[in-house]
Each structure stands twice: as structure tokens, then as C-alpha cells.
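1. Next come a sequence and a model predicted from it.
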Amino acid sequence: MIEAATPPEHSLHTLYRDHRGWLENWLRKRMGNAWDAADLSQDTFMRVLCSSQPVAEMREPRAYLLTVGKRLLSNFYTRRSLEKAYLDALAHLPEDCVPSPEQRWVVLETLQALDELLDGLPREVRRAFLWSQLEGLGYREIAERLQVSERTVKRYMAQAYEHCLLVDW
């Protein structure tokens, strides 16, 4: 007798049914908030749904879910930190210079995308790249700030540009 392959929807349904509560509880303990934990849990399962790894082939589903959940949790806190820094900066602006809620959202989305783009670069390379791109500093000024040679700054910038070109969006 030939067994029919389990449809992917059924496998995902089983994975979700068996592990959603466990994952949500794990996230709730770390976040202290049931709503954010539920959102991240759903995002985790969406990532699993969109991933190339077939659900039916997962040997350790909780380990896989935990890995995906930890990454999303890290991204969540990074985003929250960016939002806080941005809102703190806005608090120091004169009222007539404060951007609209729509403009704030666009800036926050852009900051998040930039942070994700530069993720994985060494700290000094990120700093050199951001000073060059956002503040318009030249290599000599960056070298002075970082207390390195201009040649090192050129190497940092080449590394940052290469990273940006090779990132898979």
C-alpha cells in the first residue's frame, strides 16, 4: 500500500496546533507582554510557512521555532531601541519642526531597513559608512574620529559597499 504524502498545509496545521502555545509562552516570559508575544508567535509561523524547509522534514520543530523566534525577538528589540532613540531625538526638536505621524513612520521604516542592511558589519565599518553617508564626512575626518589611517577608512568603506551590494533583499 502506498501512503499519500502529507499535504504541507496539514503539516503546518499540526506544527501550529502542537507548538503555538509553547512558543507563545516562551516569548511571553521574555517580553512580559502577551500581545507582543502573540504577534511574534504568528510572525514565526509565517516565516516557517515562507521558508524553503519543508515542515514535514523538521526533525526538531521546537528547536527550529525557537531559532526563528529568537531572531524575531532580537529584531523586535532592535526596532524598539531605534524607535526610542528616534522619539527621544524628536522630543528635542522645536514643535514646528516635528514631522507628521506619517513622516515618522517612513523614517522609522527607513532606519529599520538601514539597520538590517548593515547588520553583520563590524562596528567600526558601520560607523565609517554611516558618517560618510549621513553626515557627509570625508575619509580624513572619519579617520580622525576613528583614530585610524585614511587607508583603513578606504578599506572599511569598500567593505561596507560590498556588503550593501551583496545583501539579498
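-> Received the coordinates, thanks.
2. and L117, how many neighbours?
-> 15 (other C-beta atoms under 10 Å). (Glycine included, C-beta is placed from N, CA and C.)
3. That one contacts L166, correct?
-> No. Taking C-beta atoms under 8 Å as the definition, L117 is not a contact partner of L166, at 10.8 Å.
4. can you give me the offset of the lowest-mean-pLDDT helix or strand in the chain from its chain's centre?
-> Lowest on mean pLDDT, DSSP states H and E among the helices and strands of the chain sits helix 101-118, with a mean of 85. In terms of C-alpha atoms, centre = their mean, to the nearest Å, the centre of helix 101-118 is found 11 Å from the chain centre.
5. Going by neighbour count, list what's buried in that helix.
-> Residues of helix 101-118 classed as buried: 114, 118 (neighbour count, 16 or more other C-beta atoms under 10 Å).
6. which residues are contacting it?
-> Helix 101-118 is touched from outside by 75, 78-79, 82-83, 86, 90, 99, 126, 129-130, 160, 163-164, 167, with contacts defined as C-beta atoms under 8 Å, 6 or more residues apart in numbering.
7. Looking at the residues you listed, which are in helices?
-> 75, 78-79, 82-83, 86, 90, 126, 129-130, 160, 163-164 (DSSP state H).
8. out of those, which one sits closest to L27?
-> N75 (12.8 Å; C-beta to C-beta).
9. Identify the spatial nearest neighbour of the closest one, chain neighbours not counted.
-> Nearest residue to N75, sequence neighbours excluded (C-beta to C-beta, 6 or more residues apart in numbering): E116, at 7.8 Å.
10. Same check on L146?
-> That would be E124: by C-beta to C-beta, 6+ apart, it lies 5.9 Å from L146.
11. which residues touch the one you found?
-> Contacts of E124 by C-beta under 8 Å, 6+ apart are 146, 148, 156.
12. Just the buried ones from the residues you listed?
-> 146, 156.
13. Export the contacts of E124 as CSV, with columns for distance to P54.
-> Shown next, in CSV, are those (distance: C-beta to C-beta, whole Å):
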residue, distance to P54
L146, 46
V148, 47
Y156, 41
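14. And the contacts of E124, which is closest to P61?
-> Closest to P61, out of all of the contacts of E124 and judged by C-beta to C-beta, is Y156, at 41.1 Å.
15. which residues touch the closest one?
-> 124-125, 128-129.
16. repeat that for 7 Å
-> 124-125, 128 (C-beta atoms under 7 Å, 6 or more residues apart in numbering).
17. Can you add pLDDT and distance to V48 and give the residues you listed back as a markdown table?
-> Shown next, in a markdown table, are those (pLDDT from 0 to 100; distance: C-beta to C-beta, whole Å):
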| residue | pLDDT | distance to V48 |
| --- | --- | --- |
| E124 | 94 | 36 |
| V125 | 94 | 32 |
| A128 | 94 | 37 |
